[in-house]
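1. Sequence and predicted structure below; questions after.
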Amino acid sequence: MELIRTIAEAHDLVEKIRLSGRLIGLVPTMGALHRGHLMLVDEIRDHVDVIIMSIFVNPLQFGPNEDFERYPRTLDSDVELAESVGVDYIFCPDVSEMYARNMKTRVVVSDLPDHLCGLSRPGHFDGVTTVVSKLFNILKPHVAIFGQKDVQQAIIIQKMVKDLSIDVKVLTLPIVREVDGLAMSSRNSYLSETDRLEAVKLFQSLNFAKQMIVTGEHDLSLIINAIKNFITTGNSAEIDYISLVDTETLEELTELKEGSSVLIAIAVKFGKTRLIDNLTVKIPVFEHVE
Ligand code: PAF
């Protein structure tokens, strides 16, 4: 496996691969790899001939008071892990290589960032779409894959690809979880022992809400309150949002329509660590007796 550090090297490499008629798969990451990332590699393998993983902690997608500085950077162990699952190349540029000093351009998808994480992380998704379009331009993948834990990110990237007619197929992978249900995330490593135990309530609360919905509960505020109480009882967890939204537009639902689907998305802070999780639930159709 080879490490590629510059855009020029990457351009040469992808030109050679493309000329040889092989398909390129891209797994974009910020490193600190966990099993979820390795599953992305597993999933893309059947679709392509060459797998490139990018490892780049993208400053553009962090707010001024967020964790850019302390975000885990574990390149040596990432390289080993990536190699063990058959990644062919790692693209790991420096910030100065990716962003010229006076870079003036941003790629911005409208509306979709105005919900969920976008509300508490202004500018975050502009940073994501800007770096992902750069990665697409530099590495020219035929296929790219993103995890569903960052469901809003996946939806925004799919929209960007469609709107800008970018010639890349975007795959998504269902959330990969720890045995107790906690969604895998590089930020889980920040959790204290107590918070790690409490964090399992995220997935449990989503399942609790799902149970309410499939057994006929339609009252949105009741469901939201139930999730809130479930998560916050007995600890210092701080809710950022609990939202039941449209699975495509991400707009807050005002009612639960039988036969449609709802995306339940949550973001919660345990100490300084903000975690997200989500679950899509199909709302059953009930027989209504007159
Ligand atoms: O999901 C991530 O790890 C990042 O947002 C991504 C897609 C690699 C862009 O920096």
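-> Okay, I see it. This is a predicted model, so every value here is computed, not measured.
2. can you tell me the helix or strand for the closest residue to residue 270 other than its chain neighbours?
-> Once flanking residues are discounted, residue 270 sits nearest to residue 195: 3.8 Å by CB to CB, 6 or more residues apart in numbering. Bear in mind the C-beta positions are built from the backbone N, C-alpha and C, glycine included. For residue 195, the element it lies in under DSSP states H and E is helix 193-199.
3. Can you show me the strands along the stretch 1-150 of the chain?
-> Applying DSSP state E, counting those that start in this stretch to the stretch 1-150 of the chain gives strands spanning 2-4, 24-29, 50-55, 89-91, 143-147.
4. Tell me which residues touch whichever residue of the stretch 151-290 of the chain sits closest to the ligand, please.
-> Nearest to the ligand, among the residues of the stretch 151-290 of the chain, is residue 153, at 5.7 Å (CB to the nearest ligand atom). The contact partners of residue 153, taken as CB atoms under 8 Å, 6 or more residues apart in numbering, are 125, 128, 146.
5. any idea how far the second one is from residue 101?
-> Distance, residue 128 to residue 101, by CB to CB, to the nearest Å: 21 Å.
6. more neighbours, the two?
-> Taking neighbours as other CB atoms under 10 Å, residue 128 and residue 101 compare with residue 128 leading, 25 against 5.
7. give the contact list for that one.
-> 58, 61, 153, 156, 157.
8. so which of those comes closest to residue 207?
-> Nearest to residue 207 among those, counting by CB to CB, is residue 153 at 22.8 Å.
9. Okay, the closest one and residue 259: tell me how far apart.
-> 28 Å.
10. Also residue 78?
-> Distance, residue 78 to residue 259, by CB to CB: 44 Å.
11. Show me which of these two is the more surrounded one.
-> More neighbours surround residue 78 than the other of residue 78 and residue 259, with 22 against 9 (other CB under 10 Å).
12. Quick check: the more buried one vs residue 153, distance?
-> According to CB to CB, residue 78 stands 20 Å off from residue 153.
13. looking at this, residue 265 is in a strand?
-> Yes - if the criterion is DSSP: H, G, I helix; E, B strand; the rest coil, then residue 265 is within a strand.
14. Quick check: bridge partners of it?
-> Beta-bridge partners for residue 265, by DSSP bridges, are residue 243, residue 278.
15. dump the residue contacts of the nearest residue to residue 72 once chain neighbours are set aside.
-> Excluding its sequence neighbours, the residue lying closest to residue 72 (CB to CB, 6+ apart) is residue 32, at 4.0 Å. With contact set as CB under 8 Å, 6+ apart, residue 32 has these partners: 71, 72, 73, 74, 78, 186, 189.
16. OK, contacts around the first one?
-> Spelled out, that is residue 71. Each residue near residue 71 by CB under 8 Å, 6+ apart is listed here: 30, 32, 57, 62, 186.
17. 6 Å instead?
-> By CB atoms under 6 Å, 6 or more residues apart in numbering, the residues touching residue 71 are residue 57.
18. pLDDT score for it?
-> Residue 71 carries a pLDDT score of 97 in this model.
19. now do the fifth one
-> pLDDT recorded at residue 78 is 98.
20. Confirm for me that it is in contact with residue 34.
-> No - the criterion here is CB atoms under 6 Å, and residue 78 misses it with residue 34 at 10.1 Å.
21. quick one: residue 68 and residue 61 touch, right?
-> No - under the criterion of CB under 6 Å, residue 68 is not in contact with residue 61, lying 8.7 Å apart.
22. okay, these two: which has more neighbours?
-> More neighbours surround residue 61 than the other of residue 68 and residue 61, with 21 against 14 (other CB under 10 Å).
23. Skipping its backbone neighbours, what lies nearest the more buried one in space?
-> Sequence neighbours aside, residue 127 is the residue nearest to residue 61 in space, at 3.1 Å (criterion: CB to CB, 6+ apart).
24. pLDDT at the one you found, what is it?
-> pLDDT recorded at residue 127 is 98.
25. Alpha carbons of stretch 58-74, as CSV, please.
-> Extracted C-alpha coordinates of stretch 58-74, given in CSV (Å, rounded to 0.1, in the frame of the first residue of the first chain):
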residue,chain,number,x,y,z
ASN,A,58,-10.6,18.9,7.3
PRO,A,59,-10.3,22.3,9.2
LEU,A,60,-13.1,23.8,7.1
GLN,A,61,-15.8,21.6,8.7
PHE,A,62,-14.9,22.5,12.3
GLY,A,63,-16.4,25.5,14.0
PRO,A,64,-14.1,27.8,16.0
ASN,A,65,-15.0,26.2,19.4
GLU,A,66,-15.0,22.6,18.1
ASP,A,67,-12.5,19.8,18.4
PHE,A,68,-10.2,20.3,15.3
GLU,A,69,-7.1,20.6,17.4
ARG,A,70,-7.8,17.6,19.6
TYR,A,71,-9.4,15.4,16.9
PRO,A,72,-7.5,12.0,17.1
ARG,A,73,-4.7,11.8,14.6
THR,A,74,-3.5,8.2,14.4
